[in-house]
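**Student:** I'd like to go over a predicted model; first the sequence, then the structure.
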Amino acid sequence: MLSFRLSLLASVALLAPSIASAQSANAVDASDAGGARPSSSGLEEIVVTARKRAESLQDVPIAVTSVDAEALRAASIRTTEELTLTVPGMTVTNQSGASQPFIRGIGTISGNPGFEAAIATYVDGVYMPSNYASKVPFADVERVEVLKGPQGTLFGRNSVGGLINITTRTPEYKFSGQARVAYSRFKTLEGDLYVTGPISQNIAASLSYSFFDRNDGPGTNVITGDPTYTGSDRTFRGKVLIEPDDLTRLTFSADYRDLDTLDGIDYNLFDIPGNRGLDGATGPLPDYYDGIAVGVLRTKAWGLMAKLERELGSFDFMSLTSYRHEKDYHERDLDLSPQLIAAFSWQPVYRTFSQEFQISSKADSSIKWVSGLYFLKDKTGYRPGAGFRIWTPGFPNGRNTEYANVFRTTSIAAFAEATVPLDAKTNLTVGGRYTIDTRKIGGETLFYGNLGQPIDAPLPEPSLVVNNPSQKRTFKTPTWRVIVDREIMPGNMVYASYSRGFKAGNFADNAVGQVYEPEKIDAFEIGYKGEIGSLLRANLSSFYYKYKNQQVTFFTNGAQIASNAASSTIYGGELEIDVAPSANFRIHSGFAYLNAKFDEYLGATCVTPRATGGLIQFPCDASGNRMTRAPKFTATIQPKLDIPTSSGSFELSATYFHSSSYFSDVGNLLGQKTLDLVSARAQWASEASPITLSIFGSNLTNQKYWNFANPSFGGYYYSAAMPRTYGIEVKVLFN
């Protein structure tokens with residue numbers, strides 16, 4: 001397979017000059033259309049849909065970071081996990097292959113069924129219910145918008161911390177496309193293909209395919225002898241656009257993803273006093289990138305979407321229908337030692353149907369408004385074979401426990417928001433949503449006794465089957481948003497907002513009868529958005545949150561348990577600046593300060609190493625402790641320089657990212673140290689050729705850091721982020 005992909009790389013480079021109708025290399029990619037357009041300031045105007053309508057970013061009184069396809073490419077960002085590098089105040093970790101975004105200190109470390117993320121992810125308006133599927137590759141993406149703060153009004157699922165809104169390319173009536181192949185360190189081959197064009201006079205279509213293969217790794221798994229952090233990823237997406245008349249627009253899409261990865265799964269123990277695996281002898285491996293646990297993640301996911309947009313007499317109508325299906329297979333070694341002592345395997349299945357109806361004001365209406373209804377029905381459960389297994393003579397009560405629970409969620413919501421001009425320079429925005437979430441759980445717990453066999457061996461008949469009681473809870477609540485914005489001078493705006501966020505409670509995954517309650521957040525924000533002169537754009541926001549009944553998770557005896565913390569206070573500020581000193585040189589920078597602490601958390605679970613191996617878990621008072629994955633200061637600086645020459649145009653870009661330290665457990669025992677990352681890219685293109693050539697590098701300072709860390713009963717472990725990588729890329733544009 002690797003040799004085939006290398007041949008493909010060479011073929012692209014050799015055949016590209018023969019494409020007679022090649023698009024010029026300095027033309028704007030199709031992905032950039034609609035996300036940015038020229039502005040009077042000399043900087044590109046950024047268009048977003050943060051309020052369910054197309055608006056200039058500078059006119060939206062909300063903290064939003066928008067990253068278009070060109071900026072993603074320049075920073076070598078290929079999935080949601082790497083948005084950390086460019087979005088101020090955002091930290092994304094990778095737990096066992098699951099994307100776990102945190103915005104302003106708010107996020108979720110659980111990837112288990114039934115526990116929804118605090119940061120919601122949407123693709124073309126469709127909610128992604130699984131943390132595994134929400135790690136979206138950016139092959140055919142037009143732009144990514146990160147909305148900060150509670151989003152409890154306009155978007156489908158209430159999210160207390162913010163959301164990631166991903167928009168893919170719209171099919172076009174002119175045939176065009178691009179092919180890209182890159183080869184980099186650790187025998188990594190990746191690429192994508194995008195083609196769009198007409199089918200008939202009023203029908204256009206597009207097709208995209210992306211692949212990623214890492215066939216070697218920076219370390220070795222000491223148990224299997226295989227390289228660490230390898231994996232493959234395949235994604236397909238097809239879209240069809242039908243415009244039967246000037247007032248109607250139909251969009252259909254289908255996507256499929258096949259992921260098989262060890263990213264976030266090859267674990268090692270932290271080098272802290274007393275930290276050992278359950279065998280009591282194995283400690284941290286000498287090589288930071290070696291693995292000490294056996295595991296795997298396989299995900300197969302697909303989805304369908306149908307969107308109808310219709311212009312009516314006095315308003316516009318939209319209907320969005322979607323269905324998503326996902327199967328995961330996940331093995332996880334829990335003992336963190338070469339011996340086979342404990343492991344956990346789960347095989348969840350997600351089935352999610354959603355329907356949204358929306359009506360909105362005309363684009364030229366003086367009062368901008370949108371209202372609608374949202375319905376979601378989700379069924380998530382485990383296939384046979386999921387459970388927690390212990391087997392060793394040292395554990396005479398060793399067991400296999402299989403949880404066969406099924407979660408059902410039905411959500412119905414009505415929402416509306418309107419922006420009313422109070423005078424020529426002042427606007428008032430008022431929005432509200434009423435949500436009814438009904439949660440159900442039922443199933444069985446199966447006990448097998450001490451199996452004494454590998455985790456992937458067929459299960460015998462259970463020795464005991466316990467029917468878990470069927471339970472049902474309904475959570476009803478209103479959420480709202482109030483914003484006042486005022487133009488203080490042309491191109492400069494200030495705003496103030498108050499919003500309420502909510503996330504429903506649910507039943508604990510692996511603890512029969514336990515219920516965790518809803519969490520709510522009250523968010524206050526003031527901000528400034530403006531263009532200073534003709535070459536500078538600055539967006540500033542400061543915020544203050546009161547976070548109540550916060551949902552947290554912790555591991556005990558191999559199970560992940562959810563509970564509620566008492567309260568937290570979060571405050572801080574963010575600044576994003578775009579500077580264009582000349583037509584060929586631009587700098588984007590972002591800075592964030594964050595103070596996120598528990599006000600009161602008396603029932604926390606803290607850990608300390610056990611002399612005989614593993615961790616001791618004990619109740620503690622975490623009041624006053626810093627919240628997890630909440631660095632006090634982050635910064636990103638991204639310069640880009642274009643150098644035109646007689647032999648073509650050279651583009652040089654770089655990303656510098658800084659993060660102060662942060663903790664990964666509520667007891668504040670251990671966390672990520674101060675981090676400084678540098679990536680860079682050099683690109684050559686010519687109007688005479690359809691080929692674009694690039695060289696790139698990531699983590700050029702070769703920092704050792706982790707993309708996930710967590711305490712479990714088997715030890716305090718981490719999964720390393722990749723060391724220095726570098727490679728070459730070939731892209732071909734055609735039409």
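**Tutor:** All right, it came through fine.
**Student:** quick one: mean pLDDT over the helix or strand residue 419 falls within.
**Tutor:** Assigned by DSSP states H and E, residue 419 belongs to strand 400-421. The average of the pLDDT scores along strand 400-421 is 90.
**Student:** partners of residue 439 in the sheet?
**Tutor:** residue 409, residue 473 (DSSP bridges).
**Student:** ok, how many other residues are close to it?
**Tutor:** Number of residues near residue 439 (other C-beta atoms under 10 Å) recorded here: 21. C-beta coordinates here come from the backbone N, C-alpha and C atoms, glycine included.
**Student:** need the pLDDT of it.
**Tutor:** In this model, residue 439 carries a pLDDT of 93.
**Student:** and if you look at residue 550?
**Tutor:** 89.
**Student:** from residue 517, how far out is it?
**Tutor:** Remark: distance between residue 550 and residue 517 (C-beta to C-beta, to the nearest Å) = 10 Å.
**Student:** the two: which is more packed in?
**Tutor:** residue 550 (22 against 15).
**Student:** for the more buried one, which residues are in contact?
**Tutor:** 519, 564, 565, 566, 567, 568 (C-beta atoms under 8 Å, 6 or more residues apart in numbering).
**Student:** residues touching the fifth one, list them.
**Tutor:** Contact analysis of residue 567 by C-beta under 8 Å, 6+ apart lists 546, 547, 548, 549, 550, 598, 599, 600.
**Student:** switch the cut-off to 7 Å
**Tutor:** Neighbouring residues of residue 567 by C-beta atoms under 7 Å, 6 or more residues apart in numbering: 547, 548, 599, 600.
**Student:** which among the contacts of residue 550 end up buried?
**Tutor:** Among the contacts of residue 550, those buried by neighbour count (16 or more other C-beta atoms under 10 Å) are 519, 564, 565, 566, 568.
**Student:** CSV for these, including pLDDT and distance to residue 612?
**Tutor:** Output for these, formatted as CSV (pLDDT from 0 to 100; distance: C-beta to C-beta, whole Å):
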residue, pLDDT, distance to residue 612
519, 91, 37
564, 82, 32
565, 80, 30
566, 77, 33
568, 94, 35
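**Student:** for the residues you listed, which one is nearest residue 335?
**Tutor:** Using C-beta to C-beta, residue 565 is the member of the buried ones among the contacts of residue 550 that lies nearest residue 335, at 29.0 Å.
**Student:** how about that closest one, nearest residue that isn't a chain neighbour?
**Tutor:** In this structure, residue 565 finds its nearest non-sequential neighbour in residue 550, 4.2 Å apart by C-beta to C-beta, 6 or more residues apart in numbering.
**Student:** now the helices for this structure?
**Tutor:** 2-15, 69-74 (DSSP state H).
**Student:** comparing these, which yields the minimum mean pLDDT?
**Tutor:** helix 2-15 has the lowest average pLDDT among these, namely a mean of 37.
**Student:** show me where pLDDT drops low in the stretch 51-200 of the chain?
**Tutor:** Within the stretch 51-200 of the chain, the ranges that satisfy pLDDT under 70 run 111.
**Student:** returning to that earlier point: anything in contact with each of residue 550 and residue 517?
**Tutor:** Residues touching both residue 550 and residue 517 by C-beta under 7 Å, 6+ apart: residue 564.
**Student:** buried sites along stretch 692-710?
**Tutor:** Buried residues in stretch 692-710, counting neighbours by 16+ other C-beta under 10 Å, are found at 692-694, 696-700, 705-710.
**Student:** who's in contact with the residue minimising distance to the centre of the chain?
**Tutor:** Taking C-alpha atoms, centre = their mean, the centroid of the chain lies closest to residue 80, which sits 4.3 Å from it. By C-beta under 7 Å, 6+ apart, the contact set of residue 80 is 92, 99, 101, 121, 134, 135, 136, 164.
**Student:** try it again at 8 Å.
**Tutor:** Per C-beta under 8 Å, 6+ apart, neighbours of residue 80: 92, 99, 101, 121, 134, 135, 136, 144, 164, 166.
**Student:** and the first one, what are its bridge partners?
**Tutor:** The one in question is residue 92. Beta-bridge pairing of residue 92 under DSSP bridges involves residue 101.
**Student:** can you verify my assumption that it contacts residue 102?
**Tutor:** Yes - taking contacts as C-beta atoms under 8 Å, residue 92 lies within contact range of residue 102: 7.2 Å.
**Student:** the two - which one has more neighbours?
**Tutor:** Neighbours were counted for residue 92 and for residue 102 using other C-beta under 10 Å; residue 102 has more, 27 against 23.
**Student:** now do the contacts for the more buried one.
**Tutor:** Contacts of residue 102 (C-beta under 8 Å, 6+ apart): 90, 91, 92, 93, 119, 161, 629, 630.
**Student:** how about 7 Å then?
**Tutor:** 90, 91, 629, 630.
**Student:** any weak-confidence spans in the stretch 551-700 of the chain?
**Tutor:** Ranges of the stretch 551-700 of the chain meeting pLDDT under 70: 555-561.
**Student:** can you do 90?
**Tutor:** Along the stretch 551-700 of the chain, the model assigns pLDDT under 90 to residues 551-567, 581-583, 602-605, 611-612, 614, 616-619, 687-688.
**Student:** strands along that one, start to end?
**Tutor:** 551-556, 559-564, 567-582, 585-600, 604-609, 615-620, 633-645, 648-659, 662-663, 671-672, 675-685, 691-698 (DSSP state E, counting those that start in this stretch).
**Student:** buried residues, the fifth one. List them.
**Tutor:** Neighbour counts over strand 604-609 (16+ other C-beta under 10 Å) mark 604, 605, 606, 607, 608, 609 as buried.
**Student:** counting neighbours, what do you get for the spatially closest residue to the second one that is not a sequence neighbour?
**Tutor:** Meaning residue 605. Counting by C-beta to C-beta, 6+ apart, residue 554 is the residue found nearest to residue 605 once chain neighbours are left out, at 4.4 Å. Using other C-beta under 10 Å, residue 554 has 21 other residues around it.
**Student:** same deal with residue 174?
**Tutor:** Applying other C-beta under 10 Å, we find 10 other residues in the vicinity of residue 174.
**Student:** now swap in residue 582 and tell me
**Tutor:** Each residue near residue 582 was counted by other C-beta under 10 Å, and the total is 10.
**Student:** report the beta-bridge partners for it.
**Tutor:** residue 585.
**Student:** for residue 350, same thing?
**Tutor:** Bridge pairing for residue 350 - DSSP bridges - gives residue 326, residue 380.
**Student:** repeat for residue 188
**Tutor:** Assessed by DSSP bridges, residue 188 has beta-bridge partners residue 184, residue 214.
**Student:** next one: residue 540
**Tutor:** Beta-bridge pairing for residue 540 (DSSP bridges): residue 528, residue 575.
**Student:** double-check it against residue 526; I have them as touching.
**Tutor:** No - between residue 540 and residue 526 there is no contact under C-beta atoms under 7 Å: 9.0 Å.
**Student:** mind putting the buried residues of stretch 692-710 in a markdown table, distance to residue 378 included?
**Tutor:** Shown next, in a markdown table, are those (distance: C-beta to C-beta, whole Å):
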| residue | distance to residue 378 |
| --- | --- |
| 692 | 42 |
| 693 | 45 |
| 694 | 41 |
| 696 | 39 |
| 697 | 41 |
| 698 | 36 |
| 699 | 37 |
| 700 | 42 |
| 705 | 35 |
| 706 | 31 |
| 707 | 28 |
| 708 | 25 |
| 709 | 30 |
| 710 | 26 |
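**Student:** and of these, the nearest to residue 345?
**Tutor:** Distances from residue 345 to the buried residues of stretch 692-710, taken by C-beta to C-beta, are shortest for residue 710, at 17.8 Å.
**Student:** list the beta-bridge partners for that closest one.
**Tutor:** residue 717.
**Student:** so what's it up against?
**Tutor:** Counting by C-beta under 7 Å, 6+ apart, residue 710 touches 95, 109, 664, 717.
**Student:** can you give me the pLDDT of it?
**Tutor:** On the pLDDT scale, residue 710 gets 87.
**Student:** now it: how far from residue 334?
**Tutor:** 12 Å.
**Student:** who touches both of the two?
**Tutor:** With C-beta under 7 Å, 6+ apart, residue 710 and residue 334 have no common neighbours.
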